[in-house]
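Undergrad: For reference, the sequence and a predicted model appear below.
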Amino acid sequence: MTQDELKTLVGQAALQYVQPGTVIGVGTGSTVDKFIDALASSGIQIAGAVSSSVRSTERMKSLGIAVLDADKVTALGVYIDGADEIDHGGNMIKGGGAALTREKIVADLATQFVCIADESKLVDALGKFPLPVEVIPMAAAQIARRFAAMGAEATLRAGVVTDNSCHILDVRGLTITAPLAFETEVNQWPGVVTVGVFARHRASVCLLGTASGVKTLAFGQ
Ligand SMILES: O=C(CO)[C@H](O)[C@H](O)COP(=O)(O)O
């Protein structure tokens with residue numbers, strides 16, 4: 001199976017977590033696009049979706065799925081999103097699509113985070129995928145120096161301005177063995193909007209697309 005077919009498979013499998021009549025959270029990326037398409041053609045009627053990006057909002061609206069503002073919702077049962085990497089504890093790197101801040105905001109509203117990913121995303125330790133960090137532009141150089149002091153290299157993602165008018169640094173050369181401590185540390189550096197490690201908001205479940213079908217990895221809350 002191709003990577004695209006695995007994404008379609010897990011996008012379809014995520015429908016089992018959608019309760020009719022509820023509001024759900026929807027992430028961003030090519031795997032989530034497959035989920036949105038599956039939801040639109042499933043006939044499942046939801047009360048609406050809280051979206052993590054302009055990209056997903058536009059796709060859902062074009063397919064007739066109602067999109068609600070995050071600040072109109074007090075809680076979500078489920079948030080469905082992809083990942084750039086996921087470890088065996090459900091910790092993730094996210095932000096390849098530059099939507100990490102809104103993704104964390106919507107994940108924070110949800111009781112359950114369902115990660116949908118093809119098997120290439122499962123890793124023993126986070127960090128091979130360059131870690132996205134959303135930053136306030138005037139702080140980018142200083143934050144890059146902080147990563148350099150850790151032995152890593154941060155580069156500005158060229159030509160990218162996020163939905164929040166900020167910039168993205170992509171950080172190479174990290175091996176993140178203590179994701180929660182790492183997330184907590186980097187998040188408090190001045191000018192960091194969001195670090196793309198999702199440990200506090202780790203996945204509760206991962207639907208992993210493999211050559212032999214969808215594997216469900218359960219991590220608990
Ligand atoms: O975090 C994300 C966007 O900010 C995506 O979930 C992540 O990049 C995975 O994307 P894809 O499903 O296209 O591989």
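TA: Looks like it came in fine. Remember, predicted model here, so these are calculated numbers, not experimental data. Numbering: from 1, shown residues only.
Undergrad: okay, CA-based contacts and neighbour counts for the rest of this
TA: Will do.
Undergrad: residues from this structure in reach of the ligand?
TA: Taking CA under 6 Å from any ligand atom as the contact definition, the chain meets the ligand at 28-32, 81-84, 94-100.
Undergrad: now, which of those sits nearest Ala110?
TA: Asp81 (11.7 Å; CA to CA).
Undergrad: Neighbours of the closest one, how many?
TA: By other CA atoms under 10 Å, 28 other residues sit near Asp81.
Undergrad: Backbone torsions only: list them for it.
TA: Here is the backbone geometry of Asp81 (degrees, to the nearest 10): phi -150, psi 160.
Undergrad: again, but for the one 10 residues further on
TA: When read as degrees, to the nearest 10, the backbone of Asn91 gives phi -70, psi 150.
Undergrad: Check what pLDDT it gets.
TA: With respect to pLDDT, Asn91 has a value of 98.
Undergrad: does it really touch Pro179, like I thought?
TA: Yes: contact criterion CA atoms under 8 Å: Asn91 and Pro179 qualify, at 6.9 Å.
Undergrad: Identify each buried residue in the lengthiest helix in the chain, please.
TA: Across the chain, the helix with the greatest residue count (assigned by DSSP state H) is helix 30-42. Within helix 30-42, the residues that count as buried by 16 or more other CA atoms under 10 Å are Ser30, Thr31, Val32, Asp33, Lys34, Phe35, Ile36, Asp37, Ala38, Leu39, Ala40.
Undergrad: Equivalent analysis for stretch 118-131, please.
TA: Asp118, Glu119, Lys121, Leu122, Ala125, Leu126, Gly127, Lys128, Phe129, Pro130, Leu131.
Undergrad: Provide a list of residues in contact with the closest residue to Ala152 other than its chain neighbours.
TA: Residue nearest to Ala152 in three dimensions, not counting chain neighbours: Gly173, with 4.7 Å by CA to CA, 6 or more residues apart in numbering. If you count contacts by CA atoms under 8 Å, 6 or more residues apart in numbering, Gly173 has them with Gly127, Lys128, Pro130, Gly151, Ala152, Glu153.
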